[in-house]
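Participant: Here is a sequence together with a model predicted from it:
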Amino acid sequence: MLVLVAPGQGAQTPGFLTPWLDLPGAADRLAAWSDAIGLDLAHYGTQADADAIRDTSVAQPLLVAAGLLSATALGDITPGAVAGHSVGEITAAAYAGVLTEDEALRFVRTRGLAMAEAAAVTETGMAALLGGDPDVTVPHLEKLGLTPANVNGAGQIVAAGTLEQLAALAEDKPEGVRKVVPLKVAGAFHTEHMAPAVAALEEAAGGLTPADPRITYVSNRDGKAVSAGADVISRLVGQVANPVRWDLCMETFQELGVTALIEVCPGGTLTGLAKRALKGVQTLAVKTPDDLDAARTLVAEHS
């Protein structure tokens, strides 16, 4: 059973879209999406530097566009399930047919702008904690006023909060945590600091006409498979201010009988987690078009 997953913010790197624009029709699709949302995706995906694409309002549409381009390039496939980490959930929703591609790009543009505005209110950030026991780590974070914003499984939790709270964490690591790694993101995503963005997304959601997923859609909120399109959208709206439970998504993949996992462009982060948490499952990260043949072989073996 094949699962297709889409990464979240932070996976982007300068120039990562360049080889994808050589695929037939890719440049035209990207140009149409750029016109629809008022953002030059080709420029940011091929020429902009790391600081420019770290901007939340840029990174999020860029990631969804990349995910959709690479997923389409795999061909007409039907995975057993689809999921995305954080903003990758919008990629997954479009791939599952809940949203059209244009709706997904417009929605993620609103999301990125609203989250960037919320992040500007207070200086906040995120840091990855490597190792440790969640039963020990989570209470420790809460004691410091931090939120376990991403519970990723495979021994990784991402803490989010103010810069002062993160500085306190660096000085006072939870027992068993090997390392605290600051992340290059613009704010404390998936925490109460993002609450102002929820209202903007609720308004944007009112203009959508979601369909029910044509593929099993696994939600970040609780790892549950969601069968109603309206429920998917409701979860996408609330998720910006609530923790990502990727650990529970991977538990659901196991329950569904996953045998292979493909991560769409810019792949790497989620396959890394899967290698540690989903023993025996074949994984493949689609980074460039050179990875497509191997991905299609995996699809043929596991669909």
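Facilitator: Done, it's in. Numbering: from 1, shown residues only.
Participant: Would you check that residue 71 makes contact with residue 264?
Facilitator: Yes: between residue 71 and residue 264 there is a contact at 4.9 Å, judged by C-beta atoms under 8 Å. Any C-beta I mention is one placed from the backbone N, CA and C, and that applies to glycine too.
Participant: quick one, which of those two is more surrounded?
Facilitator: residue 264 (30 against 23; other C-beta atoms under 10 Å).
Participant: need the contact list for the more buried one.
Facilitator: 4, 5, 6, 7, 66, 67, 70, 71, 91, 286 (C-beta atoms under 8 Å, 6 or more residues apart in numbering).
Participant: and of those residues, the nearest to residue 208?
Facilitator: Of all these, residue 91 has the smallest distance to residue 208: 15.6 Å, by C-beta to C-beta.
Participant: Break down this structure into its strands, ranges please.
Facilitator: 2-6, 81-84, 124-131, 147-153, 156-162, 177-182, 216-218, 225-226, 260-263, 282-285 (DSSP state E).
Participant: Compile these into CSV and extend it with columns for mean pLDDT and distance to residue 57.
Facilitator: As requested, those are exported to CSV (pLDDT from 0 to 100; distance: least, C-beta to C-beta, whole Å):
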stretch, mean pLDDT, distance to residue 57
strand 2-6, 98, 19
strand 81-84, 98, 19
strand 124-131, 94, 16
strand 147-153, 95, 19
strand 156-162, 95, 18
strand 177-182, 93, 21
strand 216-218, 98, 26
strand 225-226, 98, 27
strand 260-263, 98, 24
strand 282-285, 98, 26
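Participant: can you give me how far stretch 125-140 is from the chain middle?
Facilitator: Here the centre of mass of C-alpha atoms in stretch 125-140, compared against the chain's by C-alpha atoms, centre = their mean, to the nearest Å, lies 20 Å away.
Participant: hang on, I meant stretch 84-98
Facilitator: Stretch 84-98 sits 8 Å away from the centroid of its parent chain (C-alpha atoms, centre = their mean).
Participant: Mind exporting the C-alpha coordinates of it to CSV?
Facilitator: Coordinates of each C-alpha in stretch 84-98 appear next as CSV, following Å, rounded to 0.1, in the frame of the first residue of the first chain:
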residue,chain,number,x,y,z
GLY,A,84,0.9,16.5,4.2
HIS,A,85,2.9,18.1,7.0
SER,A,86,1.6,21.6,7.9
VAL,A,87,1.2,23.5,4.7
GLY,A,88,1.7,20.3,2.8
GLU,A,89,-1.9,19.4,3.9
ILE,A,90,-3.1,21.8,1.2
THR,A,91,-1.0,20.0,-1.4
ALA,A,92,-2.6,16.8,-0.2
ALA,A,93,-6.1,18.2,-0.3
ALA,A,94,-5.7,19.3,-3.9
TYR,A,95,-4.2,15.9,-4.9
ALA,A,96,-7.1,14.1,-3.2
GLY,A,97,-9.6,16.3,-5.2
VAL,A,98,-10.9,18.2,-2.2
